[in-house]
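S.K.: coordinates for the following, if possible.
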Amino acid sequence: MSRAKLNPARDSTLGDPDPIESTTQGRLVAVDNLKALLVAWVIGGHTLAGYAAIGGWPYDEVQEGTLPPILEFVLSVLLGPGALFAMGTFFFISGLFAPRAIAKAGPGEYAISRLIRLGIPWLVFMLLIWPFFMWLAYLSAGYHLTFWQAFLGRTPFLDSGPIWFIQVLMYTSLGYALWHRLGWGSRLTPTVVRGRHLVLLGILVAASSFVLRLEFPARSQQILDLHLWQWPQLICMFALGAMVANQGWAATVPASLARRCWIVVAATFILAPIAVWALGITSFVQAEPTFLGGWRLQAVSFDVVEATLVVAGSVGMLWLAQRHLTWQTPLARRIARAAYAAFMLQVPVLLSLEIAARPLPVPITVKAAAVGILAIVCSFGLGSVLVSHTPLGRLV
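M.R.: Model prediction:
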């Protein structure tokens, strides 16, 4: 197995706990590249969701058309499972670097840094950028409303688009700082995390998700777009990262454990579509409500699959990155450095491209592919300029 490479311009003994933001020092090359890859995957996924009947990106509220049903079903089967663990992987990576950051800065300074680096972008997007671009999207679709009407009429109220993730990470980080302030930090440092611990964690994620979704079904909306139904996996994955931080997982995940995780992931990817076929499901648009929560076998199955993928998939992805995502070209470094900015810039970039492409007389499939590619390139390109040539680079 190849050893993880360090960026020579960074000190590997340091680290910042934000899962998708690049820092000036202290990140492993494989982790940086994995974050960038995941951000690109998220942007591409949001593009497809904007043109899908099942939705998942708010442009679907004003979409001019949808992907062919067969294509959407195939994409849902092939790409949908990955959506179940992408956010959890970000939180896992964040947890990996949190113990060192809090040991270096202390709980108080750590909490303040999280409020600044996460809280400020979230507030700006929630109060201005997200409602402004959604207002433009509605205007492009022929709606006649003011910005104030668009702001007050958003459901959920005070929605921030994909930046909800930054908000929840801020709360998790503040909770972790409080945990340390209370002197409980050592409780997240077991001797060795083994396969049985990951199984137990998966059971905990599945069980807590099922219980919470009895009240807050998956994809339900709450004020501030809190995504409460997703909190069990996010908090548990952050905790897992913090637990294994002192075991060197950021540089080298145990190979035997990672291979078993990939076996589990592969089995899940194979069995899940078979189960979908066995249940006679040909449209996720029609079948979706039965999976989102409640005392149903479908809901239990969804929670188990999600928990399995987020735990095993996150560990497996990190290990795979350590083996293969170790390039250090100038372009790769710029892309990695821009990942956090690109994640946020997808809002104005993707919505602007969708608005601009709206009147084009081309098939939706072609339009979605073109918009997705351009959104990824432009988000990272503008992000690189932002972090390298503006004062905001210190924040993002």
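S.K.: what about the nearest residue to Val77 once chain neighbours are set aside, how many neighbours?
M.R.: Among residues not flanking Val77 along the chain, Pro273 sits closest, at 5.0 Å (Cβ to Cβ, 6 or more residues apart in numbering). No exception for glycine: its C-beta is placed from N, CA and C like everyone else's. A count of nearby residues for Pro273, using other Cβ atoms under 10 Å, gives 17.
S.K.: Pro273 in helix, strand or coil?
M.R.: Following DSSP: H, G, I helix; E, B strand; the rest coil, Pro273 is assigned to helix.
S.K.: and what of Gln346?
M.R.: helix.
S.K.: ok, now how distant is it from Leu214?
M.R.: 32 Å (Cβ to Cβ, to the nearest Å).
S.K.: and those two? Which one has more around it.
M.R.: Gln346 (28 against 11).
S.K.: remind me which residues of the stretch 151-300 of the chain are low pLDDT?
M.R.: 188-191, 282-285 (pLDDT under 70).
S.K.: my guess is Val304 meets Ser209, correct?
M.R.: No. Counting by Cβ atoms under 8 Å, Val304 stays clear of Ser209, with 9.2 Å between them.
S.K.: which one of those two has more residues nearby?
M.R.: Taking neighbours as other Cβ under 10 Å, Val304 and Ser209 compare with Ser209 leading, 25 against 18.
S.K.: any idea which element the more buried one lies in?
M.R.: helix 195-212 (DSSP states H and E).
S.K.: which outside residues touch that helix?
M.R.: 190, 228-229, 231-233, 236, 240, 257, 260-261, 293, 299-300, 303-304, 306-308, 310-312, 315 (Cβ atoms under 8 Å, 6 or more residues apart in numbering).
S.K.: buried members of those residues into ChimeraX, please.
M.R.: If you want just the buried ones from the contacts of helix 195-212 in ChimeraX, going by 16 or more other Cβ atoms under 10 Å, the selection is:
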select :228,229,231,232,233,236,240,257,260,261,293,299,300,303,304,306,307,308,310,311,312,315
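S.K.: which of the contacts of helix 195-212 fall in strands?
M.R.: Among these, no member falls in strands (DSSP state E).
S.K.: so which of the contacts of helix 195-212 are in helices?
M.R.: Among those, the residues falling in helices (DSSP state H) are 231-233, 236, 240, 257, 260-261, 299-300, 303-304, 306-308, 310-312, 315.
S.K.: give me the three-state assignment for the residue of the chain positioned farthest from its centre.
M.R.: The C-alpha centroid of the chain is most remote from His144, which lies 33.2 Å away (Cα atoms, centre = their mean). Following three-state DSSP, His144 is assigned to coil.
S.K.: that one and Ala137, how far apart?
M.R.: Distance of His144 to Ala137, given as Cβ to Cβ: 14 Å.
S.K.: Leu350 too?
M.R.: Applying Cβ to Cβ to Leu350 and Ala137 gives a distance of 10 Å.
S.K.: could you do Gly82 as well?
M.R.: Applying Cβ to Cβ, the value for Gly82 to Ala137 is 26 Å.
S.K.: the more surrounded of those two?
M.R.: Each of Gly82 and Ala137 has its neighbours counted (other Cβ under 10 Å); Ala137 has more, 22 against 18.
S.K.: residues in contact with the more buried one?
M.R.: Counting by Cβ under 8 Å, 6+ apart, Ala137 has contacts 58-59, 61-62, 351, 354-355.
S.K.: and for Val253?
M.R.: By Cβ under 8 Å, 6+ apart, the neighbours of Val253 are 315, 318-319, 322.
S.K.: swap in Ser314?
M.R.: So Ser314 contacts 85, 88-89, 92, 237, 240 (Cβ under 8 Å, 6+ apart).
S.K.: what of Ser173?
M.R.: Applying Cβ under 8 Å, 6+ apart, we find Ser173 in contact with 17, 94, 98, 110-111, 114, 118.
S.K.: quickly find the element holding the spatially most central residue of the chain.
M.R.: The centre of the chain sits closest to Met87, judged by Cα atoms, centre = their mean, with a distance of 2.9 Å. Using DSSP H and E, Met87 sits within helix 86-105.
S.K.: what is that helix packed up against?
M.R.: Counting contacts by 3 or more Cβ pairs under 8 Å, 6 or more residues apart in numbering; DSSP states H and E, helix 86-105 packs against helix 29-50, helix 107-114, helix 164-181, helix 231-244, helix 297-324.
S.K.: now the next helix or strand along the chain from the shortest one, how far from the chain's geometric center?
M.R.: Going back to what we said before, that points to helix 107-114. Next in sequence after helix 107-114, counting helices and strands by DSSP H and E, comes helix 120-124. Helix 120-124 sits 17 Å away from the centroid of its parent chain (Cα atoms, centre = their mean, to the nearest Å).
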